[in-house]
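Colleague: Based on what follows, work out the 3D shape:
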Amino acid sequence: MEEEGRDETRGKDGAPFWARLLGRQVQFALDLLVLAAAFTLSYLLRFEFDVPLEQIQSWAIQGPYVVLLQFALLFVTGVYAFIWRYIGMAEVGAFLKAAAGSFLILLFFRLALPGALQPLRVPLSIIAMDTVLAFGGVLGLRVVRRALYERYEKQAKVARSETGAAKPVLLVGAGQAGVMVAKEIAAQGGAGLDILGFVDDEPEKLGAVLQGIKVIGTSQDIPRLVKSLGVDHVIITIARASRRDVKRIVDICESVPVKARIIPGLFEIIEGHVSIQRIRDVDIEDLLGRDPVRLDVEEVGRFLSGKAVMVTGAGGSIGSELCRQVARMGPSKLLLLERAEFVLFDIHRELREAWPGLDIMPLVGDVGDRERMEGVFSALRPQVIFHAAAHKHVPMMEWNPGEAVKNNVLATEVLGRVAGESGAEAFVLISTDKAVKPTSVMGASKRMAELVAQALDKRYATRFVAVRFGNVLGSTGSVIPLFREQIRKGGPVTVTHPDMVRYFMTIPEAAQLVLQAGAMGKGGEIFVLDMGEPVRIVDLAEQMITLSGFKPHEEIPIVFTGVRPGEKIQEVLMNSDEAVSTTRHPKIFIGQINSVSVEKVDAAVARLGSLARAGDEAGLRAALADFLPEAKLGN
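Modeller: Numbers count the residues shown, from 1 in each chain. A predicted model of the protein is given here:
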C-alpha cells in the first residue's frame with residue numbers, strides 16, 4: 001500500500017498547494033502537535049484552566065512519553081500506511097485500536113508504578129480525556145484533509161464539465177461494484193467522467209446517496225434520465241449480473257439510443273479493486289455467455305496441484321485458456337506444447353509475466369511426431385495431459401481431409417500411446433459437438449479421436465476421457481471474429497443460412513469445465529457440457545451490428561451465402577438414441593455412448609493412416625463412413 005501522502009503530492013500536475021504541503025514529514029509534525037495539544041488541553045480541563053505548579057511539573061514529565069507512546073501506536077496499527085482520501089471504516093478501526101492500546105498502557109502504568117514514580121502516573125481523568133482528544137484530533141486531521149481534497153476535485157470536476165471535457169454518465173447498479181467504480185472515478189480526478197447518478201432496481205435504494213452520488217431511478221427510467229440529463233453513456237456496474245440482465249439493460253439503452261458500457265472482472269471486484277481503464281463497450285460475449293461457472297476448486301486443485309501438466313495446442317484459443325486456468329491451480333510445472341512458434345511465444349510470455357514463480361516450459365513440436373513425444377515424456381514426465389491440438393475448421397478440412405485425419409486421429413493415437421506407456425495419470429481429449437452424426441471430415445475425425453481415447457483407456461492404466469462441447473465465443477476461426485472484421489469494413493456480414501443455429505459458450509467457461517470434467521473422470525467417459533440454448537447465427541449477426549453502433553440490414557447489410565461443405569444447419573451434442581447421466585456438476589454430463597473394441601479401432605486407425613499418407617481422399621471418406629455408420633459425408 002502506498003505511504004501516507006505520497007499519492008497526493010503531485011508537484012507540477014496541478015494539485016492544490018495544501019495537497020503538496022501534506023507530505024509524510026509534515027503529517028508527522030502535525031500529528032505530534034495535535035497529540036501534544038490534546039495532552040495539554042486535558043490537563044487544562046482537569047484543573048479548569050488553573051493548573052497548580054506541582055501539576056505543571058507532572059505535565060512536563062508525563063507529556064513527552066505519552067505523546068511518543070501514542071505516536072508509536074499510530075505506526076503499529078498501520079495508520080501511516082493508509083491513503084487518507086480513501087478513508088473508511090477500516091481506517092477508523094485502526095484509530096480505535098491505537099486509542100484502546102494507549103488507554104490500556106497508560107492505565108497499566110497508573111496502577112502498576114510505585115509511589116516513588118508518582119510523576120509518571122497520569123491521572124485517570126486525564127488518560128480518558130487525552131485518549132479521546134488525541135486520537136480524535138489526528139483522525140480529524142485526516143477528515144479535514146479528505147474534505148479539502150474532495151472539494152478541490154469537485155471544483156475541478158465542475159470546471160471540466162463546463163469545458164465539455166467530462167462525459168456525463170449513469171452507473172447501473174448501486175451495489176458493491178458500483179460504489180467501487182464511483183470511488184475509483186473520484187480517485188482518478190473524474191477520469192473524464194461526470195457521474196450524474198446511480199440507477200438501481202432495488203426499491204429500497206431509490207433516493208439513497210452513496211459516495212455523494214444519489215440513486216435517481218431504476219433501469220426502466222434510463223430513457224427518461226438520458227434525455228433529461230443529457231447522458232453520454234451508461235456504465236453497467238453490477239458484479240453478479242446475469243447475461244439476461246445485461247441484455248435487458250443493453251436493449252433499454254438501444255431503445256433510446258445511448259451507448260452502454262460495462263466493467264468486467266468479477267474477480268477484481270472480489271479482491272477489492274476496479275480499474276477504470278477496464279471499462280469497455282458491452283460485447284457480444286456479455287450477451288451470449290452464461291452465468292459464471294462454479295468450479296469445485298478443491299477437486300480440481302487435487303487433480304492438478306503439484307503435478308506436471310501438459311497442454312497441447314497451447315497457443316490456440318482453448319489451449320491458451322487451459323494454460324491460464326491450470327497455472328492458477330499451482331502445478332509443479334506447466335508444459336506448453338505447440339508447433340506454431342509465434343503463438344507459443346505469445347502465451348509463454350504472458351504466463352511467465354503473470355506467474356513468475358511457476359516453472360513454465362515452451363515446447364515446439366508436433367503431437368504426431370512419436371520420437372519427439374517420447375523424448376518430451378521421458379525427460380519431463382507430464383502427469384496430466386490436456387490434448388487441445390487439432391484441426392477444427394470444417395470447410396478447410398473438407399479441402400484437406402488427409403491432414404484432418406493425421407492431426408485429429410493419428411496424432412491423438414500417437415500422443416495417447418506415449419502418455420499411457422509413460423504412466424501418465426490422466427489424458428483429457430478436447431472434442432466437439434461436430435463429432436455427433438458427423439457430416440464433415442472434421443467431425444468424423446474428432447469422433448474417431450473419441451473412440452481412440454476410449455480404446456487407449458482399455459489398454460493403459462492412464463485415465464483417458466473426452467470432453468465434448470460446441471462453439472466457443474471468439475475462438476480462432478470462429479464466426480465472431482469474422483463478423484467483427486466484416487462490420488469494421490462496413491459489411492456485408494455473411495451468414496450461410498437464415499436457419500443456421502449453434503451452441504455457444506465463452507472460452508473461460510469451456511476451459512474451466514474441461515478441468516472439472518478431467519478431475520471427475522474415472523476413465524473411458526465422454527463428457528458432454530451443458531451448452532445452454534442454441535443461438536440463431538443471423539440473430540448473432542444482428543446483435544453484433546447493433547452493438548457496433550449500426551442498424552442491421554440498413555447501414556450494414558446481411559447476406560446469406562449458402563451452407564458450406566460439411567456444415568449442418570443445427571448441431572447436436574448427442575445422438576437421439578444416446579442417453580446422458582448427470583454428474584456432481586450441474587453443467588457436466590456423461591454420454592452413454594457405446595465404445596468399440598480395441599481391435600476394431602486399431603484396424604480403423606491403421607487403415608486411415610495408410611490412406612492419409614497415400615493422399616487417397618476418396619478412400620478416406622469411404623473408410624470414415626464405413627467405420628462410422630452414423631456419419632453422412634459428402635464426396
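
Colleague: thinking Tyr65 is in contact with Leu120, fair?
Modeller: Yes. Taking CB atoms under 8 Å as the definition, Tyr65 is a contact partner of Leu120 at 7.4 Å. (Each C-beta comes from the backbone N, C-alpha and C, glycine too.)

Colleague: Comparing these two, which residue is more hemmed in?
Modeller: Legend: neighbour count by other CB atoms under 10 Å for Tyr65 and Leu120, higher for Leu120 (16 against 13).

Colleague: how much space between the more buried one and Ile61?
Modeller: Separation of Leu120 from Ile61 (CB to CB, to the nearest Å): 7 Å.

Colleague: Kindly report the same for Ile347.
Modeller: Distance from Ile347 to Ile61, by CB to CB: 68 Å.

Colleague: just for the stretch 201-350 of the chain, where's the confidence low?
Modeller: 239-241, 264-295 (pLDDT under 70).

Colleague: For it, just list every one of the helices.
Modeller: In the stretch 201-350 of the chain, the segments counted as helices under DSSP state H, counting those that start in this stretch are 222-229, 243-255, 266-271, 284-288, 297-304, 317-328, 341-354.

Colleague: Could I get those in JSON lines, plus columns for distance to Thr561 and mean neighbour count?
Modeller: Listed next are the helices of the stretch 201-350 of the chain as JSON lines, based on distance: least, CB to CB, whole Å; neighbours: other CB atoms under 10 Å:
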{"stretch": "helix 222-229", "distance to Thr561": "37", "mean neighbour count": "16"}
{"stretch": "helix 243-255", "distance to Thr561": "27", "mean neighbour count": "17"}
{"stretch": "helix 266-271", "distance to Thr561": "38", "mean neighbour count": "13"}
{"stretch": "helix 284-288", "distance to Thr561": "20", "mean neighbour count": "20"}
{"stretch": "helix 297-304", "distance to Thr561": "42", "mean neighbour count": "17"}
{"stretch": "helix 317-328", "distance to Thr561": "24", "mean neighbour count": "22"}
{"stretch": "helix 341-354", "distance to Thr561": "29", "mean neighbour count": "15"}
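
Colleague: now for these, which one comes closest to Val472?
Modeller: Smallest distance to Val472 across the helices of the stretch 201-350 of the chain (CB to CB): 6.3 Å, for helix 317-328.

Colleague: In terms of secondary structure, what does that closest one contact?
Modeller: Where contact means 3 or more CB pairs under 8 Å, 6 or more residues apart in numbering; DSSP states H and E, helix 317-328 is packed against strand 308-312, strand 333-338, helix 341-354, strand 384-387, helix 507-520.

Colleague: Kindly recompute the last result at 7 Å.
Modeller: Packing contacts for helix 317-328, counted by 3 or more CB pairs under 7 Å, 6 or more residues apart in numbering; DSSP states H and E, involve strand 308-312, strand 333-338, helix 341-354, helix 507-520.

Colleague: and the first one, what does it pack onto?
Modeller: By that I understand strand 308-312. Under the contact criterion of 3+ CB pairs under 7 Å, 6+ apart, strand 308-312 touches helix 317-328, strand 333-338, strand 384-387.

Colleague: swap the cut-off to 8 Å and go again
Modeller: On a contact count with 3+ CB pairs under 8 Å, 6+ apart, strand 308-312 meets helix 317-328, strand 333-338, helix 370-380, strand 384-387.

Colleague: Need those in a markdown table (columns: distance to Arg463).
Modeller: Shown next, in a markdown table, are these (distance: least, CB to CB, whole Å):
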| stretch | distance to Arg463 |
| --- | --- |
| helix 317-328 | 17 |
| strand 333-338 | 18 |
| helix 370-380 | 16 |
| strand 384-387 | 9 |
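
Colleague: who wins for proximity to Ile360 among those?
Modeller: strand 333-338 (4.9 Å).

Colleague: tell me the angle the closest one makes with helix 317-328.
Modeller: With axes from the mean of the first three to the mean of the last three CA atoms, to 10 degrees as the basis, strand 333-338 and helix 317-328 are set at 170 degrees to each other.

Colleague: elements contacting strand 333-338?
Modeller: Contacts defined by 3+ CB pairs under 8 Å, 6+ apart place strand 333-338 against strand 308-312, helix 317-328, helix 341-354, strand 360-364, helix 370-380.

Colleague: of all these, which lies closest to Phe469?
Modeller: Phe469 sits nearest to helix 317-328 of all those, at 9.3 Å, using CB to CB.

Colleague: quick one, helices of the stretch 451-600 of the chain?
Modeller: For the stretch 451-600 of the chain, the helices defined by DSSP H, counting those that start in this stretch cover 479-488, 507-520, 537-547, 598-614.

Colleague: Glu321 is nearest to which of those?
Modeller: Between Glu321 and the helices of the stretch 451-600 of the chain, the tightest spacing by CB to CB is seen for helix 507-520, at 4.0 Å.

Colleague: How far does the closest one sit from its chain's centre?
Modeller: Centre-to-centre, helix 507-520 and its host chain are 15 Å apart (CA atoms, centre = their mean, to the nearest Å).

Colleague: With stretch 561-568 instead?
Modeller: Stretch 561-568 has its C-alpha centroid displaced from the chain centroid by 35 Å (CA atoms, centre = their mean).
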